[in-house]
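# pasting the structure only:
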């Protein structure tokens, strides 16, 4: 039969699953949009070789490592379609990034680039940092921007409207020397730049904390 899924997430994880099902012979229309039409099949019996797409959250963690340590780091095979907003915000903040020409991932669909992140003097963005459904800023990348804001000149408002109380653990950065002011369970101000100092911190139960 035919199933229509509306208000679907068009993010990379959903697209990856759709691409895999297509390899198995399932016809899916609207991949990459918020409406998916799935034409089910009575039986799936086949072996396929499939490569999941590269992870934009992993790429963002390496970008953040380069920024916070003022290092030049090359991130290869970054899925650019799922990093466009993050890189646009970082460009506004003054980050210097070189991009290679695009090339295809092993799944034949995801667009990849190599990124060279260069040491930069960052400034706080004009607008608040907040996540949105794809193609907006990925919710899983939001915590990285608290670290990035801590090394930028000025005050940055971070607004995590998705998860209850997740902003609380970002106040752990104050133990390292960051100036983090919690406004409410969803919003905090981060003032930079930061003179980091080593100490013991509690690792939160969060994605790539």
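Great, that's in hand. Note that the structure is predicted; figures quoted are calculated from it, not measured. Numbering: from 1, shown residues only.
# Could you name the residue of the protein that is farthest from its center?
residue 42 (36.7 Å; CA atoms, centre = their mean).
# The nearest residue to residue 117 once chain neighbours are set aside: what secondary structure?
For residue 117, ignoring the flanking residues on the chain, the nearest one in space by CB to CB, 6 or more residues apart in numbering is residue 66 at 3.9 Å. To be clear about C-beta, it is placed using only N, CA and C from the backbone, and glycine gets the same treatment. Assigned by DSSP: H, G, I helix; E, B strand; the rest coil, the conformation of residue 66 is helix.
# what ranges of this structure fall below the confidence cut-off?
For the chain, applying pLDDT under 70 flags the ranges 205-209.
# Which residue lies nearest the spatial centre of it?
Closest-to-mean residue, the chain, CA atoms, centre = their mean: residue 141 / 3.6 Å.
# and that residue, how far is that from residue 57?
Using CB to CB, to the nearest Å, one gets 6 Å for the distance from residue 141 to residue 57.
# Could you check how far residue 142 is from residue 126?
18 Å.
# ugh, wrong one, I meant residue 105
34 Å.
# Is it correct that the residue nearest to the centre of the chain falls within a helix?
Yes: assessed by three-state DSSP, residue 141 belongs to a helix.
# Please, where are all the strands along this protein?
2-6, 27-29, 35-39, 73-79, 96-99, 103-104, 111-118, 154-159, 179-184, 187-192 (DSSP state E).
# Which of these sits closest to residue 131?
strand 154-159 (8.3 Å; CB to CB).
# other SSEs contacting that closest one?
Under the contact criterion of 3 or more CB pairs under 8 Å, 6 or more residues apart in numbering; DSSP states H and E, strand 154-159 touches helix 142-150, strand 187-192.
# and if we set it to 6 Å?
With contacts defined as 3 or more CB pairs under 6 Å, 6 or more residues apart in numbering; DSSP states H and E, the packing partners of strand 154-159 are strand 187-192.
# List the buried residues in the strand it packs on.
187-192 (16 or more other CB atoms under 10 Å).
# In these, find the pair that's most separated.
That would be 187 and 192, which, of the buried residues of strand 187-192, are the farthest apart (CB to CB) at 17.0 Å.
# and residue 142 and residue 126? which has more neighbours close in?
For residue 142 versus residue 126, neighbours defined as other CB atoms under 10 Å are more numerous around residue 142 (23 against 9).
# burial count for the nearest residue to that one once chain neighbours are set aside?
Take residue 142 and drop its neighbours on the chain: the residue closest to it by CB to CB, 6+ apart is residue 131, 5.1 Å away. By other CB under 10 Å, the residues close to residue 131 number 19.
# And residue 131, how far from residue 89?
Taken as CB to CB, the span from residue 131 to residue 89 is 11 Å.
# Over to residue 8?
Taking CB to CB, one finds residue 8 at 25 Å from residue 89.
# With residue 193 as the reference, measure out to the residue lying closest to residue 148 once chain neighbours are set aside.
Excluding its sequence neighbours, the residue lying closest to residue 148 (CB to CB, 6+ apart) is residue 67, at 5.4 Å. Counting by CB to CB, the gap from residue 67 to residue 193 is 12 Å.
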